[in-house]
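Asks: Pasting a predicted model and its sequence here:
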Amino acid sequence: MTDASTPTEQTLHALYRDHSSWLENWLRRRMGNAWDAADLSQDTFVRVLASSRQLSDLREPRAYLLTVGKRLLSNFYTRRSLERAYLEALAQLPEDCVPSAEQRWVLLETLQALDELLDGMPAAVRRAFLWSQLEGLGYREIAERLQVSERTVKRYMAQAYEHCLLVDC
């Protein structure tokens, strides 16, 4: 560490030095895989560095790292589940319809982003939004399925659109 290091760099270095092994071990116990645990541990520190939080103000650094690490772990398992479902769907396609590796990667990234976007919506709002967008149902049909009024469906759709516009991508 040089004298020219900024206080943030020094704080991050100390945080990494003091807690990276602990976090990686915690992740390894949860995942049963040292390679994935190492990757998620590094991703956690990258996320911490990218956050706007003042690292020098952390009173409980392990609790903070654990919170970030748990979110990344959850995202990891969600992505694995999406990948598995996607690969199962691909296996059903005729060989000449199977997308290239590059197309599959783009599709998986898109599915992950959509899943994260929809995950923040309440269940009824998410259902109304998906029925409207994917099945082309009108508000009356959605209201019947959800057993709510059309006015409530309008509110759900406004909430869904607002969520989509305001989500931090």
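Replies: Great, that's in hand. Since this is a predicted model, take the numbers as computed values, not measurements.
Asks: rest of the way, CA atoms for contacts and neighbours
Replies: Noted.
Asks: Now do the lengthiest helix in the chain, average pLDDT.
Replies: The longest helix of the chain (DSSP state H) is helix 61-91. Summarised as a single mean, pLDDT over helix 61-91 is 87.
Asks: Pull out the buried positions in it.
Replies: Buried residues in helix 61-91, counted by 16 or more other CA atoms under 10 Å: 62, 65-66, 68-70, 72-73, 79, 82-83.
Asks: Same check on stretch 47-66?
Replies: Under the neighbour-count criterion of 16+ other CA under 10 Å, stretch 47-66 has 48, 55, 62, 65-66 buried.
Asks: repeat for stretch 130-144
Replies: By neighbour count with 16+ other CA under 10 Å, stretch 130-144 contains the buried residues 130-132, 139, 141-143.
Asks: Helix or strand next in line after the longest helix of the chain, which one?
Replies: Under the assignment DSSP states H and E, the closest C-terminal helix or strand after helix 61-91 is helix 101-119.
Asks: Please export the C-alpha coordinates of that following helix as PDB.
Replies: Taking Å, rounded to 0.1, in the frame of the first residue of the first chain, the C-alpha atoms of helix 101-119 are listed here in PDB:
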ATOM      1  CA  ALA A 101     -23.900 -20.000 -27.700                       C
ATOM      2  CA  GLU A 102     -23.800 -16.300 -28.000                       C
ATOM      3  CA  GLN A 103     -27.500 -16.100 -28.400                       C
ATOM      4  CA  ARG A 104     -28.000 -18.300 -25.400                       C
ATOM      5  CA  TRP A 105     -25.800 -16.100 -23.300                       C
ATOM      6  CA  VAL A 106     -27.800 -13.000 -24.300                       C
ATOM      7  CA  LEU A 107     -31.100 -14.700 -23.600                       C
ATOM      8  CA  LEU A 108     -29.900 -15.900 -20.200                       C
ATOM      9  CA  GLU A 109     -28.700 -12.400 -19.300                       C
ATOM     10  CA  THR A 110     -32.100 -11.000 -20.400                       C
ATOM     11  CA  LEU A 111     -34.000 -13.600 -18.400                       C
ATOM     12  CA  GLN A 112     -31.900 -12.800 -15.400                       C
ATOM     13  CA  ALA A 113     -32.600  -9.000 -15.800                       C
ATOM     14  CA  LEU A 114     -36.300  -9.700 -16.200                       C
ATOM     15  CA  ASP A 115     -36.400 -12.000 -13.200                       C
ATOM     16  CA  GLU A 116     -34.800  -9.300 -11.100                       C
ATOM     17  CA  LEU A 117     -37.100  -6.600 -12.400                       C
ATOM     18  CA  LEU A 118     -40.200  -8.700 -11.700                       C
ATOM     19  CA  ASP A 119     -39.000  -9.900  -8.300                       C
END
